[in-house]
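Q: Kindly generate the corresponding structure for this input.
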Amino acid sequence: MMGLPAAGKTTTATNMFGQTHEFICADTIKKTHVDFDANNPQLLHAWSKEVADGMMEEAITNPVRNVLWDTTGTDFPKVSRVINEAKSAGFNVRSVFVTVTLEESIFRNNNRKEHRVVPREAIEYKSSVINSVAGKVSKLVEMTIVDNMKRDNSLLA
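A: This is a model prediction of the structure:
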């Protein structure tokens, strides 16, 4: 899964793969930490990414189940490394790119029920690179694009 913060990646993933895949998601992992603060999730961002990376490495090393990596996907060197390692391990790898505009990502981010707010600067940076990264990823694996611009107010505060 790839897409901007608050694009609806986890909801889309649940709808598409919830019954068949184990999810690895840094956002979900950070909620398990005793010091998690929904108003400042960035405090645990590095930790949760490290844990998610370890879980992905374990899943690739021991490919006995379907795995879904829920990430923004804006770090192409990392994404391409994980794709290539998963392919080498025998996984059938594909990407789902959940798209929204920068403005919609910022709006949803600022109005999340869980108050799990990503800094605006981070969203703006990710927005500046995500289409380029998605283009590169689509050359490595089959990609499904999900336009998620319809606003679902049930996900908002």
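
Q: State the three-state secondary structure for Ser128.
A: helix (DSSP: H, G, I helix; E, B strand; the rest coil).

Q: Tell me where this structure has strands.
A: Under the criterion DSSP state E, strands of the chain are mapped to 22-25, 67-70, 94-99, 142-147.

Q: got TSV for these, with mean neighbour count too?
A: For glycine as for every other residue, the C-beta is placed from the backbone atoms N, C-alpha and C. Supplementary listing: the strands of the chain in TSV, determined by neighbours: other C-beta atoms under 10 Å:
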stretch	mean neighbour count
strand 22-25	16
strand 67-70	22
strand 94-99	20
strand 142-147	13
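
Q: just so I know, which of these lies nearest Pro5?
A: Among those, the nearest to Pro5 by C-beta to C-beta is strand 94-99 (10.8 Å).

Q: Please tell me how far that closest one is from the chain's geometric centre.
A: If you compare the mean C-alpha spot of strand 94-99 with that of the full chain, they lie 9 Å apart, counting by C-alpha atoms, centre = their mean, to the nearest Å.

Q: just stretch 24-42 next, same as before
A: Here the centre of mass of C-alpha atoms in stretch 24-42, compared against the chain's by C-alpha atoms, centre = their mean, lies 14 Å away.

Q: and that stretch, what's its mean pLDDT?
A: Computed over stretch 24-42, the mean pLDDT rounds to 89.

Q: change the start of the numbering to 39 and stick with it
A: Got it, the first residue is 39 from now on, which makes the last one we talked about stretch 62-80.

Q: That stretch spans what distance, first to last residue?
A: Looking at stretch 62-80, the gap from its leading to its trailing residue is 18 Å under the measure C-alpha to C-alpha, to the nearest Å.
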